[in-house]
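K.L.:
Can you look at this prediction? I've put the sequence above it.
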Amino acid sequence: MKRSNEVTKEFIKRAKAGDNVFITDVREAYDNLPKEKRQTISCVVNLAAGGVRIFEINMPLFDGPAGQEREFVETYVRAEIFNIISTLGGRNVTLYVDTANKDMLKLAESFNDTFQIDKSRDQRTGFGRCVNVIDRMLGAICDRGNDQGTPKFEFIVKDRAEMGSLSDGAIETAGDGGIFKKVAQKLDGKVICGMDIGGTDIKVAVAVDGKLRSLKEYDWFPESFKLAQQLTEPICTLVRLVRANISVDADDTIGPEEKTALQEKLAKAMDKDASYKLIAKVVTEVENVLADKIMGIDAIGLSFPDVVVKDKIVGGETTKTRGLRSNSQVDYEEEFARMIDLDEQLLKLCKPGGVVKNTNDGPMAAFTAAVEIAAAGSADQVKDGVFAHTLGTELGTGWVDGSGSIPEIPLECYNYIIDLGSFDGKEYPPDDVRSINNFNTGLTGSLQRYTSQSGVFRLAVTYFAEQRDDLYQELLDMGFVVDRQEGGRKILTVPTKPKDMRKAFLEHVMSLPEKENDEVTREIFRQVGAFLAITWFETQRIAAPASKARILFGRLVKNNCCFQLMLEGARSRKADLQIDVADGGMANTSLMKQLQADPHFTVAQFAQAVGAIYYGNMGLL
């Protein structure tokens, strides 16, 4: 058996060579060290909703003076704790260590500084960014009416002797899965709107009396927005658009010529490429004509790409709000606060007694999958809930239990630090397509740059530059990647102006495995699959969902060839890993079957929007 420092040296050697050093592999190696060769931090998370989770973090003994080996080990421990609280949040974390071991005590006591607990939100960077999310979540979950106010998240260090007999408890889940059948069956007499909000587009669907009536796709680039209104206003306007569209169709009091004229204008506004200016103009005109004859909406289900608690947007640290954070002309906390109550803004578009149900896009994917699975068989199949991922602009992660409830935790898995290696990739700034540094936190080895759209871009540029000069040149010739100067150095980026090339770039790379039929293009998607397997190991360890399967949504899985390659890569890491894709084969409910039969839109495109209709309906039951 290798000495403990030799294990770490081997990891460092691999990292310097540019290879992945997955946190899962490091943990396994350190856990397998003889007891006399390792030391442990017991990390106890006091969950916001009650109960505790306990994680034992093993590492080699610190032999000799500080150096590369100790730096690597400490980097590993920081990543472990960062991943844990990015998933679970919590009121506080207690770290139990052998306080007689001065090196361990110093490491444990450093975490309040590492995570910048005593800094204001606008001053926090790196590891501190996840604490901003926790702070906002605690403000939403905890009772502000008491004398103590919202609890302050912090790390507390205690000696192992004080730990006592604490027992680890998985997050409580309940239910028999029956709710997932009910939401898809009780649609008569209701008008329900579902919205799937992403980083490159918004999809809206409306059901009237159980019939899918209006589908709208709208491209946008929220990362560039400098004000909260630029994010919230289009969302509300799109609801008004589909409401106007179904209202004109249903109104029998308008003269035939006027009705035809309105329908023609609405058709132009409903076109995928319609400008926001045109949409807003048409909506206002139709509303003025119909006045109080506008059809009332009973419920709106919203899938929003940020942390959501009690229907409120409380994250504020995603790529989508990057423009707001960088706007020096506004106070970010004040500006972000204008987004928190988006549910209340949308509620004004509903009839009296209407409801708005908002959740993160990850949980919405899980909820959608649960509804379709239950419709195909018995509710018993989803009594353990569903765990899902969305693979698009970002990696979304969602978890819903058997009662339809969503645990009140951040579950920001896209921020996970999964790779402690690939040292060459961390040399590039986050905006460089080759970088492994997180767009939001700047931290290295983040899952965001491995499994989502950014992961495909990074692997394509890297592999093509090394092995397929012709394909690399093609990326440049087609304008998918451009050079630009930043801070005195040349970086490679995917342009978003004057035309947003992200979707086209992704579709191009996804077409190559079948078109080129070579190992270079195929390996891109095998690698994405391997990264998904690492994601499975991490989410299973930290969140501990009862459901072991993972269901995938999003643009990255709409191509079956690419999905099969991902599956192959995932199973190279875990042979029995169960991954299912949310495609037409998951169309089991009435609305989803109607979507499947639509000549213009696909299940892969609008599944989450339809799922959001069912989620909105849950608020009416």
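P.N.:
Great, that's in hand.

K.L.:
Now do the SS call for D292.
P.N.:
Per DSSP: H, G, I helix; E, B strand; the rest coil, the local secondary structure of D292 is helix.

K.L.:
V581 touches M566, doesn't it?
P.N.:
No - assessed by C-beta atoms under 8 Å, V581 is found out of contact with M566, at 9.0 Å. Where you see a C-beta, it was placed from the backbone N, CA and C, and this is true even at glycine.

K.L.:
Whichever strand or helix holds T397 - which strands sit beside it in the sheet, and in what orientation?
P.N.:
Counting by DSSP states H and E, the element that carries T397 is strand 395-400. Strand 395-400 pairs in its sheet with strand 386-391 (antiparallel), by DSSP bridges.

K.L.:
How about the strand it pairs with, which residues are buried there?
P.N.:
V386, F387, A388, H389, T390, L391 (16 or more other C-beta atoms under 10 Å).

K.L.:
same deal with stretch 206-225?
P.N.:
Of the residues in stretch 206-225, 206-208, 210, 212-218, 220, 222-223, 225 count as buried by neighbour count, 16+ other C-beta under 10 Å.

K.L.:
for stretch 421-438, same thing?
P.N.:
Of the residues in stretch 421-438, 421-423, 425-426, 428, 430, 432-438 count as buried by neighbour count, 16+ other C-beta under 10 Å.

K.L.:
chain center to that stretch, what's the gap?
P.N.:
Distance of stretch 421-438 from its chain centroid, counting by C-alpha atoms, centre = their mean, to the nearest Å, is 20 Å.

K.L.:
mean confidence score for that stretch?
P.N.:
Taken as a whole, stretch 421-438 has a mean pLDDT of 94.

K.L.:
what comes into contact with that stretch?
P.N.:
Contacts to stretch 421-438, defined as C-beta atoms under 8 Å, 6 or more residues apart in numbering, come from residues 11, 14-16, 18-22, 415, 419, 439, 442-446, 448-450, 454, 457-458, 461-462, 481, 486-487, 491-494.

K.L.:
mind listing which of those residues are in helices?
P.N.:
Mapping those onto helices (DSSP state H) picks out F11, R14, A15, K16, S454, F457, R458, V461, T462.

K.L.:
Quote the end-to-end distance of stretch 176-190.
P.N.:
Start to finish, the residues bounding stretch 176-190 are 26 Å apart (C-alpha to C-alpha, to the nearest Å).

K.L.:
Repeat that for stretch 314-324.
P.N.:
15 Å.

K.L.:
what residues does it touch?
P.N.:
For stretch 314-324, contacts defined as C-beta under 8 Å, 6+ apart pick out 129-130, 132-133, 136-137, 139-140, 199, 222-228, 231, 305-308, 330, 332, 335-336, 339-340, 393-394, 410, 412, 439-441.

K.L.:
what do you get if the cut-off is 6 Å, keeping everything else the same?
P.N.:
The contact list for stretch 314-324 (C-beta atoms under 6 Å, 6 or more residues apart in numbering) reads 129, 132-133, 136-137, 140, 199, 222-226, 305-307, 335-336, 439-440.

K.L.:
all helices for the stretch 451-600 of the chain, in order.
P.N.:
Ranges of helices in the stretch 451-600 of the chain, per DSSP state H, counting those that start in this stretch, are 453-467, 469-477, 502-516, 519-542, 560-573, 590-597.

K.L.:
swap in the stretch 1-150 of the chain?
P.N.:
Taking DSSP H, counting those that start in this stretch as the criterion, the stretch 1-150 of the chain carries its helices at 4-16, 23-31, 68-88, 102-109, 111-114, 129-141.

K.L.:
repeat for the stretch 301-450 of the chain
P.N.:
Assigned by DSSP H, counting those that start in this stretch, the stretch 301-450 of the chain shows helices spanning 322-325, 332-340, 342-347, 361-376.

K.L.:
most packed of those?
P.N.:
helix 361-376 (a mean of 28; mean count of other C-beta atoms under 10 Å).

K.L.:
now that one, how far from the centre of its chain.
P.N.:
For helix 361-376, the distance to the chain centre is 16 Å (C-alpha atoms, centre = their mean).

K.L.:
That helix packs against which elements?
P.N.:
Where contact means 3 or more C-beta pairs under 6 Å, 6 or more residues apart in numbering; DSSP states H and E, helix 361-376 is packed against helix 178-185, strand 386-391, strand 395-400, helix 603-618.

K.L.:
Can you give the domain ranges for this protein?
P.N.:
Listed domain ranges for the chain are 4-162, 178-405+586-618, 413-542 (source: automatic domain parsing).

K.L.:
how about those domains in a markdown table, adding distance to A575?
P.N.:
Formatted as a markdown table, the domains of the chain follow (distance: least, C-beta to C-beta, whole Å):
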| stretch | distance to A575 |
| --- | --- |
| domain 4-162 | 15 |
| domain 178-405+586-618 | 19 |
| domain 413-542 | 10 |
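
K.L.:
Which among these is found nearest to F553?
P.N.:
domain 178-405+586-618 (4.4 Å; C-beta to C-beta).

K.L.:
Quick one: end-to-end length of that closest one, please.
P.N.:
End-to-end span of domain 178-405+586-618 (C-alpha to C-alpha): 12 Å.

K.L.:
For the nearest residue to R526 once chain neighbours are set aside, give me its contacts.
P.N.:
Nearest residue to R526, sequence neighbours excluded (C-beta to C-beta, 6 or more residues apart in numbering): G569, at 3.5 Å. G569 makes contact with R526, Q527, G529, A530 under the criterion C-beta under 6 Å, 6+ apart.

K.L.:
Good, we can wrap up now.
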